[in-house]
Structures are given as C-alpha cells and as structure tokens.
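*Asks:* Build me a model from this:
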Amino acid sequence: MNGSDLKDKREAAGAGDAGLDMLLRQLHEDIGLNLKQYKPNYLKRRIGVRMRATGCSDYLQYRRFVKEHREEGKRLINDLTINVTEFFRDPDVYEAIRKQVIPAIMQYKRESRTSSLRAWSAGCATGEEPYSLAILFQHALESEPDPRSWTLRITATDLDDKALEKAREGRYESAKVPTGLAIEDYFDREGDEYVVKERVKRPVRFLLMDIVRQPPLRHLDLILCRNVLIYFEREKQQRILDIFRQCLRPGGFLVLGKSEAILGPSEGGLVPFSRKERVYRKEGYQLMDNGSRRQGAR
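*Replies:* Down below sits the predicted model:
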C-alpha cells in the first residue's frame, strides 16, 4: 500500500464511524458525558454544525480541535441540548396538570397527612417549565386553609450550563399564565422584560445534571420530561424511564412530550392517566373502600 492509499484510508476513517467513535470517546473522557446514548443521526447532524463552524473537515480533525480548545466541548453540549421552550408550552397539557394532576397530588398528601410537594423538571432548558410548574402549585396552595404549612421543592436539571444561568436569572422577553391567573402575581415588569417574582423562584433549584445518571431524588410527586426522550435510542429511553420509576413515589406522575409515549406493557411502572396529554401514573397506590390508602395495590 503506497502513501496515497494510506492517506485515503486515514481520511475515510476520520470521516466515518471510526472517527466519530474516537471523538465520542475523547469527549466522554474530557467532559464525562456519554454521547453514545444519543441517536446517531442526531449526533452527526449536531456535531456537523460545530465542525463547519470550526472549519474542521472530519471527526478526527474536530477531535484535535476540541482537545486544543476546551471551551468547544461546552459549546457542543449547548448545541446538542436544543432549548426551544416557553411558559406553559402546550396549554392543554398544563391544564391537565392544573385540573387533574395537582388535585390528585394534593388529595394524596391530605390522606397521607404530609405537606411536602416534590417535583423534577428533567431537561428544564432556560427555566420556563419549572417556573410554570411552580406557578401552578402556588396557585393551588392559595386555596388551602394554611398555605404556609406546605413546602414545595422543584428540582430543575439540564446539561446546558448557559441555559441554566439564564434560568437562574429568571428574566424573559415574554411570559404568560393560564386563564384565571393574573400575570402580575407571578412576574414583575422591568422595561421590556418579565422578571420571575422571588416567591416563584424560591422553591426551584437548578442543577447541571445528565438525565441518564441516577439522581439523588426519591419519593417525587411529579416529573416533567417533555421533548427529551426523542433524542435518545430506545435502550436509553428505557433506562431513563426506569430512573423515573425509581424516583417517583407510588401514585406519582410523569408527563412526557406530545411526540413521546410509553409503548407496550409497563412492568410495575407507569400506566396512562391522561393518554392524550401524555400523562402517566406510577402504580402501587390506591384508596381502600374505607378511604384509607394502600401501598402496593394494582
């Protein structure tokens, strides 16, 4: 094999799956993120955008660029985690949460004589989703005899550190609330910006976290993971759903995106609660005839 053939072979490897695999291994070592969990075609498209932006012609050249420019790895993560969101996106979903899910959670809490509400916004992007959730919970608590006796904690996680910075600031160009709520109760106006009020921000905790890794969250009442699973292969989707099952308490709720669904039988797991809105409920809790609750019932 002559020098020209060797060069062609190296270039083919750099542009093909072997080069992509080497790049992903390097990113895993440098960043600690296993990018192989994403769908291959999605990865290739998003990496291709960064390759063109940096003037790299193949995966191996881009791999060298990432090693020499550490900030590029963070830029790639930010590109992979596309943040398209708004307050109360898909109003019918939030109406289901407001009128069906939250009342069911509150009923469970009263029956179990507990006053701690716990939720997780997985893939929270720039914060509109967890703040929307905080607004709905706080609106529901206003009808309670003693709202201050309740505690609310919403854990909001994402891989995009820049998106999380914006989320923590709580400043937005646009905002909205559901019918019947007053926007001035939840936002201040500062010039052209809507600023989330401190009482809405207070229960929300933002964390940089990989959704595929087991989080230190347990006994959750509600998980929102909307339009995130579509970027993962089937095996990883199942892994994420297993994590959600472990994090939810019996009777807890999971809300997925409109283009996502749990297919087939669910083992000890999640059953449809409102199929159209992609709301699921973890099995293992129901009321006895005398009104007392029973764990482990199916």
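*Asks:* chain center to stretch 135-151: distance?
*Replies:* What separates the centre of stretch 135-151 from the centre of its chain is 24 Å, taken as CA atoms, centre = their mean, to the nearest Å.
*Asks:* Give me the contact list for that stretch.
*Replies:* With contact meaning CB atoms under 8 Å, 6 or more residues apart in numbering, stretch 135-151 is reached by 94, 97-98, 102-103, 106, 115-117, 119, 152, 154, 177-178, 181, 186, 199-200, 203. All C-beta atoms are positioned from the backbone trio N, CA, C, and that covers glycine.
*Asks:* same deal with stretch 43-55?
*Replies:* Against stretch 43-55 from outside (CB under 8 Å, 6+ apart): 20, 23-24, 35, 57-59, 61-62, 65, 69, 72, 75-76, 79-80.
*Asks:* Give the buried subset of those residues as a ChimeraX selection command.
*Replies:* The buried subset of the contacts of stretch 43-55, as determined by 16 or more other CB atoms under 10 Å, is captured in ChimeraX by this line:
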select :20,23,24,35,58,59,61,62,72,76,80
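*Asks:* Which ones among the contacts of stretch 43-55 lie within strands?
*Replies:* Among the contacts of stretch 43-55, no member is found in strands (DSSP state E).
*Asks:* and which of the contacts of stretch 43-55 is nearest Arg226?
*Replies:* Lowest distance from Arg226 to the contacts of stretch 43-55 (CB to CB) belongs to Leu80, with 17.1 Å.
*Asks:* In ChimeraX, how would I select the buried members of the contacts of stretch 135-151?
*Replies:* Buried members of these, defined by 16+ other CB under 10 Å, are picked up in ChimeraX with:
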select :94,97,98,102,106,115,117,119,152,154,177,178,181,186,200,203
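*Asks:* Out of the contacts of stretch 135-151, which sit inside helices?
*Replies:* 94, 102-103, 106, 199-200 (DSSP state H).
*Asks:* Can you pick out the most distant pair from the residues you listed?
*Replies:* Spatial extent of these (CB to CB) is set by the pair Pro103 and Arg199 at 21.6 Å.
*Asks:* quick revisit: in helices only, show me the contacts of stretch 43-55.
*Replies:* Members of the contacts of stretch 43-55 lying in helices (criterion: DSSP H): 20, 23-24, 59, 61-62, 65, 72, 75-76, 79-80.
*Asks:* and the two most separated of those residues?
*Replies:* Farthest apart among the ones in helices among the contacts of stretch 43-55 by CB to CB are Gln61 and Leu80. That separation is 19.3 Å.
*Asks:* Break this structure down into its structural domains.
*Replies:* By the assignment in automatic domain parsing, the chain contains the domains 3-80, 91-295.
*Asks:* hang on, the earlier thing: using a markdown table, lay out the ones in helices among the contacts of stretch 135-151 together with pLDDT and distance to Arg275.
*Replies:* Listed next are those as a markdown table, based on pLDDT from 0 to 100; distance: CB to CB, whole Å:
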| residue | pLDDT | distance to Arg275 |
| --- | --- | --- |
| Tyr94 | 97 | 17 |
| Ile102 | 98 | 19 |
| Pro103 | 97 | 19 |
| Met106 | 96 | 22 |
| Arg199 | 97 | 34 |
| Val200 | 98 | 30 |
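*Asks:* Compile those residues into a markdown table and extend it with columns for distance to Leu136.
*Replies:* Shown next, in a markdown table, are these (distance: CB to CB, whole Å):
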| residue | distance to Leu136 |
| --- | --- |
| Tyr94 | 7 |
| Ile102 | 6 |
| Pro103 | 11 |
| Met106 | 11 |
| Arg199 | 14 |
| Val200 | 11 |
